[in-house]
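Visitor: show me how the following folds:
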Amino acid sequence: MTTPNDDIWTFDDALAVVSGIDGAVAVVASAETGAPEAAWGDVFVFDADSDDRRFPFATIVTKDVPGFDTVSGLDREGVYRLNIGVGRDVFQELLGYDPADHARFREEHDFAEPDRMLPHPAYAAQAWVSVVTPGPRTGELMQRLLVAALDRHRRRGGR
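Guide: Sure thing, here's the model as predicted:
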């Protein structure tokens, strides 16, 4: 797996990390991949051993989606968000509460803060975490979580 240096990761660094996970395939959404225009440029990370491309275990989101997901401020230069489906137990270990309780804790988070482990602003209840532009505080952890997420994804049959 590619490991960026101790600086804030660029989008290309994050793409190299997710692409470097043994057994994973990263797909950059585009017109050619049949993705909706709103997703173009975003990255969806799948199990390379599965033909099912409906359920990624991780994503890299590159822009705000008005009316749906704008709290991370992804329209800032060089800013993106790495998202990982970690499961209930890991979510609780990382954030200190059950994903089902996210609505109670939502206001405690600054979803635009870079290099900080956060619940996913839209999918926390489904046990997804996120980091806006990983770096020295979260980079190594995100790499470990990505590998574990692929393993979890496979054990759950791709969901």
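Visitor: wait, residue 71 touches residue 107, no?
Guide: No. Using Cβ atoms under 8 Å, residue 71 makes no contact with residue 107, being 11.0 Å away. To be clear about C-beta, it is placed using only N, CA and C from the backbone, and glycine gets the same treatment.
Visitor: the more surrounded of those two?
Guide: Ranked by neighbour count (other Cβ atoms under 10 Å), residue 71 and residue 107 place residue 71 first, with 16 against 7.
Visitor: look up how far residue 35 lies from the more buried one.
Guide: 23 Å (Cβ to Cβ, to the nearest Å).
Visitor: and the strands in this structure?
Guide: 24-28, 43-47, 58-61, 81-85, 118-119, 128-132 (DSSP state E).
Visitor: any weak-confidence spans in this structure?
Guide: Scanning the chain with the threshold set as pLDDT under 70 gives 1-6, 159.
Visitor: go through it and flag its longest helix.
Guide: Ranked by residue count and defined by DSSP state H, the top helix of the chain is helix 139-155.
Visitor: check what contacts it and list those residues.
Guide: 1, 3-4, 6, 9, 17-18, 21, 23-24, 45, 47, 49, 55, 57-58, 82, 84-87, 90, 115, 117, 129, 131, 134, 159 (Cβ atoms under 8 Å, 6 or more residues apart in numbering).
Visitor: and the residue nearest to the spatial centre of the chain, what is it in contact with?
Guide: Nearest residue to the geometric centre of the chain (Cα atoms, centre = their mean): residue 83, 1.2 Å. Going by Cβ under 8 Å, 6+ apart, residue 83 touches 58-61, 120, 123, 128-130.
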